[in-house]
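Asker: Model the following, please.
(2 chains)
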Amino acid sequence: MKTAEEIKAAIEAAVPGAGVEFVLNPGPAAEHSLRLAPECAVAVATFLRDDAELAFDFLSNVSGVDWPDKEIAEKVKVTRQVTKTVDGVEQSVEETVDETRKRVEPGCLEAVYHLYSVAKKHGPLVIRMKTANRSDQVQLPSLTPIWRSAEFQEREVFDLYGIIFTGHPDLRRLLMWDGFKDHPMRKDYVEPDDYEYEPTPHDAVLARAQERKDREQGSKGARD
Amino acid sequence: MDQNLKIELGKQGVFVTTIQELYNWGRRSSVWPMQFGLACCAIEMIATTMARYDLARFGAEVFRPSPRQADLMIVSGTVTKKMAPQVVRLYNQMAEPRYVIAMGACAISGGPFKQGYNVLKGIDRYIPVDVHIPGCPPRPEALLQAFMTLQEKIDGQHLTGADRPRFLDANQQGEFPVPEQGAHDLEPTSNRGVWPVEIQGVVNRE
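Answerer: Numbers count the residues shown, from 1 in each chain, chains lettered A, B, ... in the order given. Coordinates of the predicted model:
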């Protein structure tokens, strides 16, 4: 099979302006992947399936990945004017200070597809797509029209991660019920407090149980 | 009635019994389970009905595919929150007298999936359970043991008096509320009538 770089070159030759990005896997598996721009993903996927040499006719797996907002603290050297008293005389001196700056790298949701070729007996090729953010722009093009086996797996990713696959023929929740609001596999999912506490709870579990008891009494008091 | 007198009369060809004994004997000898399985415990339940373990010895070989014809619900496996309302509804559709065996760690408490967001932490939160079997999954012998425990329980039931079973008491609750599937969890999270659990060490603050 062609390497991921060669496939990237082939895609760029066949689909102009495809916007394919090579993602290196530094681990020993070295299973590098290609990140597709969502606008061109359907065209690229069609090429990957129909190209005579690549012939990726089998989509084995669709996964969701949640990348939460990441706060990065970096130390920057800053030069600033400081007023100091040197030998009884006030002077303005330049001083270099370390300053910690925090910036938030916005998170996103990602869908990862593993492709194989049954005809050519090669694979896997890993392709990925990223959403713009984690809240309101979570649309990605569905690849179900190209590989039928994506249908249920994209429904599952929609159910558990909340990625909306545009062009999916039947995008409903797969595992949870229809009225369910959350996406349980997201990192910031807060699970319902239906935990059955230990018969004799202590420490953290006792604090949690007490908190729940207080809350129940509070809501009862408000109703009465 | 005196047991020795009963045996003595039996030797003379006279059989003496009470309506209650006859009635309970009839019921315990023909407990028909409902035919459904929820997870891997169902495989052990199937094995129990087959020739090697042979649940038919206890008069329970007829697994009925309709809740209307079943006396016993064997909750065999993980009850997910998506499935829980259907299980409670099936229980409501069964005719009295009806019994429940919660089979396996999942059915009695959520088991290995207890801390998952999608698993009910024990079917006894919504319906009354007569016999709990621990195990993951329980062996067929454990299900037979549970079945014999249930038979003993049926044998000991009084037809009259304050401790008579639910189906002979007109004032008892017959239908159990089916939980709704809410936005984040089942609502309510338990039926307080059958699952009154108080947590130790938690104080009431007024």
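Asker: So which bits of stretch A:40-52 are buried?
Answerer: A:40, A:41, A:42, A:43, A:44, A:45, A:47, A:48, A:49 (16 or more other CB atoms under 10 Å in any protein chain shown). Glycine gets a C-beta too; all of them are placed from N, C-alpha and C.
Asker: Show the average pLDDT along that stretch.
Answerer: Average pLDDT, stretch A:40-52: 92.
Asker: I'd like the distance from that stretch to the chain centre, please.
Answerer: The chain centre lies 23 Å from the centre of stretch A:40-52; the measure is CA atoms, centre = their mean, to the nearest Å.
Asker: re earlier: which of the buried residues of stretch A:40-52 sits closest to chain B?
Answerer: When the buried residues of stretch A:40-52 are compared for distance to chain B (CB to the nearest CB), residue A:41 comes out closest, at 30.5 Å.
Asker: Is the closest one in contact with residue A:142, as I believe?
Answerer: No - Residue A:41 is beyond contact range of residue A:142, at 9.3 Å (criterion: CB atoms under 8 Å).
Asker: Any idea how many residues pack against residue 72?
Answerer: Using chain A here. Using other CB atoms under 10 Å in any protein chain shown, the number of residues around residue A:72 comes to 9.
Asker: my bad, the chain I had in mind was chain B
Answerer: Residue B:72, neighbours per other CB under 10 Å, totals 21.
Asker: Quick check: closest non-adjacent residue to it.
Answerer: residue B:33 (4.4 Å; CB to CB, 6 or more residues apart in numbering or on different chains).
Asker: surely that neighbour meets residue B:74?
Answerer: Yes - counting by CB under 8 Å, residue B:33 does reach residue B:74; the two are 5.3 Å apart.
Asker: more neighbours, the two?
Answerer: A direct count of neighbours by other CB under 10 Å for residue B:33 and residue B:74 places residue B:74 higher, at 30 against 23.
Asker: Surely residue B:167 is within a helix?
Answerer: Yes - assessed by DSSP: H, G, I helix; E, B strand; the rest coil, residue B:167 belongs to a helix.
Asker: For it, give me its contacts.
Answerer: When contacts are counted by CB atoms under 8 Å, 6 or more residues apart in numbering or on different chains, residue B:167 touches B:96, B:97, B:98, B:174.
Asker: give me that answer again for 7 Å
Answerer: B:96, B:97 (CB atoms under 7 Å, 6 or more residues apart in numbering or on different chains).
Asker: In space, what's closest to whichever residue of chain B sits closest to chain A - neighbours in sequence excluded?
Answerer: In chain B, the residue that lies nearest chain A is residue B:185 (3.7 Å; CB to the nearest CB). Sequence neighbours aside, residue A:192 is the residue nearest to residue B:185 in space, at 3.7 Å (criterion: CB to CB, 6+ apart).
Asker: for chain B, what are the nearby residues on chain A?
Answerer: A:176-177, A:179-182, A:184, A:191-192, A:194, A:196-197, A:199-201, A:206, A:209-210, A:213-214, A:217 (CB under 7 Å from any CB of the partner chain).
Asker: How about the helix of greatest length in chain A, which residues are buried there?
Answerer: Using DSSP state H, we find that the single longest helix of chain A is helix A:203-223. Buried positions in helix A:203-223, judged by neighbour count with 16+ other CB under 10 Å: A:206, A:209, A:210, A:212, A:213.
Asker: Can you tell me the strand partners of the helix or strand of chain B with the lowest mean pLDDT and which way each runs?
Answerer: The least trusted helix or strand in chain B, going by mean pLDDT, DSSP states H and E, turns out to be strand B:186-187, with a mean of 86. Strand pairing for strand B:186-187, using DSSP bridges, gives strand B:180-181 (antiparallel).
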